[in-house]
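Novice: Using only what follows, build the 3D model:
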Amino acid sequence: KIELSDFYQEFHEQLADPSQVKRYVEFLRKKGRPIPNDLPTSVKIDTKALFALMMDKAAAVNRDMLHALVVLRGHGYKVAALTNNWQIDDDERKDSSSTTLLEPYFDLIIESSIVGLRK
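Specialist: Presented below is the predicted three-dimensional model:
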């Protein structure tokens, strides 16, 4: 289990790791894309703000995906979800409605914050 405040710190450390710039350069080379001359050697990112932006986008319901789940289940397939969710610190607002709203579409939902792993 990782608290959200701890996640922000770990996320920041991972993003700020100078080896990430090397990995990005390798990615660009592999894809045949130009490599900027002014890449920073490290970055400082407000991971709390970045994560909020990411979650705003991720919270949008993909209606095509819901339809696919209904069709699959209608054909007898079992469907499961593996989340990358978190336990909210006491001082954070928790909106757990997304998992609750999606429960009817899945036979099983495995929450990373409960099993102690992430994708």
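
Novice: Tell me, how many residues neighbour residue 45?
Specialist: Residue neighbour count, defined by other Cβ atoms under 10 Å, stands at 12 for residue 45. (Glycine included, C-beta is placed from N, CA and C.)

Novice: so which strand or helix has it?
Specialist: Under the criterion DSSP states H and E, no helix or strand holds residue 45.

Novice: isn't it right up against residue 13?
Specialist: No: in terms of Cβ atoms under 8 Å, residue 45 does not count as a neighbour of residue 13; the distance is 10.5 Å.

Novice: and residue 21, how many neighbours?
Specialist: Should you count by other Cβ under 10 Å, residue 21 turns out to have 15 residues around it.

Novice: and if you look at residue 99?
Specialist: If you count neighbours by other Cβ under 10 Å, residue 99 ends up with 14.

Novice: Excluding sequence neighbours, find me the nearest residue to it.
Specialist: Ranked by Cβ to Cβ, 6 or more residues apart in numbering and with sequence neighbours excluded, the top spatial neighbour of residue 99 is residue 109, at 6.3 Å.
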